[in-house]
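Chemist: Generate coordinates for the sequence data below:
(4 chains)
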2 protein chains.
Amino acid sequence: MRKRRRVMLADVAAEAGVSATTASYILNGRADEMRIAPATVTKVQAAVADLGYRPNRSARSLRTRRTATVGLVSDQIAGEQYGSSMLTGASLAARELDHLVVMGESGGDPELERLLIEEMLERDVDGVVYATRTARTVHLPEGLRGVRSVLLNCEDPDERLPSVVPDDEGGGRAAVATLLAAGARDVWVVGEDPVPEATAGPRRMAGIRAELATHDLDVAGLVRCDWSVTEGFEATSRWLADGGRADGLVCMNDRLAMGVYQALAEHGLRVPDDVSVVSFDGSALAGWLRPVLTSVELPFTELGALAVRRLLDPDDHVGTDSVPMRVRPGGSVRPV
Amino acid sequence: MRKRRRVMLADVAAEAGVSATTASYILNGRADEMRIAPATVTKVQAAVADLGYRPNRSARSLRTRRTATVGLVSDQIAGEQYGSSMLTGASLAARELDHLVVMGESGGDPELERLLIEEMLERDVDGVVYATRTARTVHLPEGLRGVRSVLLNCEDPDERLPSVVPDDEGGGRAAVATLLAAGARDVWVVGEDPVPEATAGPRRMAGIRAELATHDLDVAGLVRCDWSVTEGFEATSRWLADGGRADGLVCMNDRLAMGVYQALAEHGLRVPDDVSVVSFDGSALAGWLRPVLTSVELPFTELGALAVRRLLDPDDHVGTDSVPMRVRPGGSVRPV
DNA sequence: CTGAAAGCGCTTACAG
DNA sequence: CTGAAAGCGCTTACAG
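Modeler: Numbers count the residues shown, from 1 in each chain, chains lettered A, B, ... in the order given. As a prediction, this is how the structure comes out:
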């Protein structure tokens, strides 16, 4: 790949007038442990800088069985759906720990997933983050048995594994707290998760109920629909046509909320004057709507970063980390 | 990482009753070239399957200097902005060629970019894809000099390098052709690219003009604004307030078009009855708007895949590949 | 057609 | 405190 001959550890050692052993210890930060003379350390460091020495990782890995590399397999977290920020977070956290991310997407194909995991293990990644686009329960893939791994945005109820997920229940509480603070008392929820493995919906709902209960309230009603713009529009339109009314609406995601906005507008209801709306995701879309949608943010960058940090933390414990979801204020909640 | 002792080539050779040399040749598909007896091949393959042998890539890489790994450095192509599909495409294409993608995002920080490239080269990636979030001209980073690399979504005018970009000029022609076919004759363009390095805007504009010229037309006017919802809304509102009218609008991207929709609605103009609108990106947002926005799609998955294929194609030539942009029809262009 | 042996560039007991 | 030497698991001239 490079023009000039690559310089090796032996060259550095020669230049510094020491053995490869000594040079190696210094390069690996074991100078103190080995009580190497400070002058020797300096000489070696100078030689490294001088020759532009870069260690050959394959050679090192062959000995140490570590590659300073982490695998990240997912169904599909890139693509336009929010969630790709998990990659950004993972990449940054890996870099901070002197690692690089090897990624692969299976598109949900189990055979491809198996292949990707196998290829990663052949390359001796130091661990694997197993991520899903939507928050859900999963079964750890067979190929990851006995492999150091962290689940990202998912959990395996059958295994004791480290797992990193958003705190959807806390998010639900935060969403309702925002509405209650604005004086809303008649709170409806729009959206119902149809997939049994999905964890976001039920947990948000639990948080919503818990927070309402602190005011001796409960959910006033549920507008059932899946989490898409069209369904949000249609279900809400039907509800309004049937005389449905509320002073606070909690939408299960931002896309759905966009449909809700459209339905409210068609029925002559204004956000936030006639009804306050909060949502989940904190996606870019929330910022594009008018008024800007108040939304409880999914902390994807943080989730990705935390998963990698836990993967590389030798003292890490088994268990689930729930990362807080914060309200990103917009203009869709009526000011008190 | 794995519980049981890892099986090595020597085990396979022993089990098959041949030397490691012979087993290695067979594993590397050189059985024919070496004229190895079919029976021997069969025995070795059986042993491989039997023992579940997986080669140690680090050992192989140390000898061959190839890792079956490609680097993908970018400013930031994950995150919610469209463009993260380049990662999906790259990952899939790499897999098809028995490679894996090592990714890193610099967030635009040159020092971090340098580090990422260095780390990738230390790990002997077989080549590097250098990608940008927005289509633009770049200077090849110093660290990639002499390294096999392909530019993705960008071009270096000073270097003769392989490069993969969307065909924005063809996209511009396609956008206008759609409007002309619907009978539009008074075509305005909304959006103006403020960054001098950006290539999408000027190329689309060239295509727009070229296609209009086939009907002896030119752009009727330009509504200047950057490519955001808010600016699209405000600039279009001002234009309409000043009496601006058109029968066809070309928006430089989907977000901006969302603002245009809002402005048109506030002025009582209906899409597509009063004005036809086409846009660029083909993002999910286009599908969420009502009516669905007709948009010329940025082929991100294909771009990512093609970049990796070119990187790994030993016969690849230097030069730019322009990937076609196709119109994704919605309901924003008046049917004839 | 097949095998013994060297060597890829490191790390790490071990000896001094 | 420092160095000579073995060995990580492959590939590949080379010899037969």
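Chemist: Closest residue of the stretch 201-336 of chain A to DNA strand C?
Modeler: In the stretch 201-336 of chain A, the residue that lies nearest DNA strand C is residue A:314 (14.7 Å; C-beta to the nearest atom of the strand). (Glycine included, C-beta is placed from N, CA and C.)
Chemist: That residue: how many residues sit nearby?
Modeler: 5 (other C-beta atoms under 10 Å in any protein chain shown).
Chemist: Quick check: it vs residue A:126, distance?
Modeler: For residue A:314, the distance to residue A:126 (C-beta to C-beta, to the nearest Å) stands at 11 Å.
Chemist: one step back: quick one, phi psi at the residue of the stretch 201-336 of chain A closest to DNA strand C?
Modeler: According to degrees, to the nearest 10, the main-chain angles of residue A:314 amount to phi -60, psi -20.
Chemist: what does residue A:118 give?
Modeler: Backbone geometry at residue A:118, expressed as degrees, to the nearest 10, gives phi -60, psi -50.
Chemist: Name the nearest residue to it, sequence neighbours excluded.
Modeler: Distance criterion C-beta to C-beta, 6 or more residues apart in numbering or on different chains; nearest residue to residue A:118, sequence neighbours excluded, is residue A:143 at 6.0 Å.
Chemist: Check the one you found and give its pLDDT.
Modeler: On pLDDT, residue A:143 comes in at 92.
Chemist: For it, give me its contacts.
Modeler: Neighbour list for residue A:143: A:114, A:117-118, A:121 [criterion: C-beta atoms under 8 Å, 6 or more residues apart in numbering or on different chains].
Chemist: out of those residues, which is most surrounded?
Modeler: residue A:117 (23 neighbours).
Chemist: Quick check: it is in a strand.
Modeler: No. Assignment of residue A:117 by DSSP: H, G, I helix; E, B strand; the rest coil gives helix, placing it outside any strand.
Chemist: I'd assumed residue A:72 was in contact with it.
Modeler: No. Using C-beta atoms under 8 Å as the test, residue A:117 is too far from residue A:72 to be in contact (11.0 Å).
Chemist: shared neighbours of those two, anything?
Modeler: Between them, residue A:117 and residue A:72 share the contacting residues residue A:128, judged by C-beta under 8 Å, 6+ apart.
Chemist: Check the offset of stretch A:121-131 from the chain's centre.
Modeler: The chain centre lies 17 Å from the centre of stretch A:121-131; the measure is C-alpha atoms, centre = their mean, to the nearest Å.
Chemist: Let me know whether it sits next to DNA strand C.
Modeler: No. Judged by C-beta under 7 Å from any atom of the strand, stretch A:121-131 stays clear of DNA strand C, getting no closer than 13.0 Å.
Chemist: Could I get the contacting residues of residue A:89?
Modeler: Going by C-beta under 8 Å, 6+ apart, residue A:89 touches A:300-306, A:308.
Chemist: Look up the closest residue to it, ignoring the ones flanking it.
Modeler: residue A:304 (3.0 Å).
Chemist: host element of the one you found?
Modeler: helix A:300-312 (DSSP states H and E).
Chemist: I'd like the mean pLDDT over that helix, please.
Modeler: Helix A:300-312 comes out at a mean pLDDT of 97.
Chemist: Please, where are all the helices along the stretch 201-336 of chain A?
Modeler: Under the criterion DSSP state H, counting those that start in this stretch, the stretch 201-336 of chain A contains helices at A:229-241, A:254-266, A:284-288, A:300-312.
Chemist: Can you say which of those is nearest to residue A:60?
Modeler: Closest to residue A:60 of the helices of the stretch 201-336 of chain A is helix A:300-312 (C-beta to C-beta; 17.0 Å).
Chemist: who does the closest one touch, helix- and strand-wise?
Modeler: When contacts are defined as 3 or more C-beta pairs under 8 Å, 6 or more residues apart in numbering or on different chains; DSSP states H and E, helix A:300-312 packs onto strand A:69-74, helix A:85-96, strand A:128-137, strand A:149-155, strand A:162-166, strand A:319-323.
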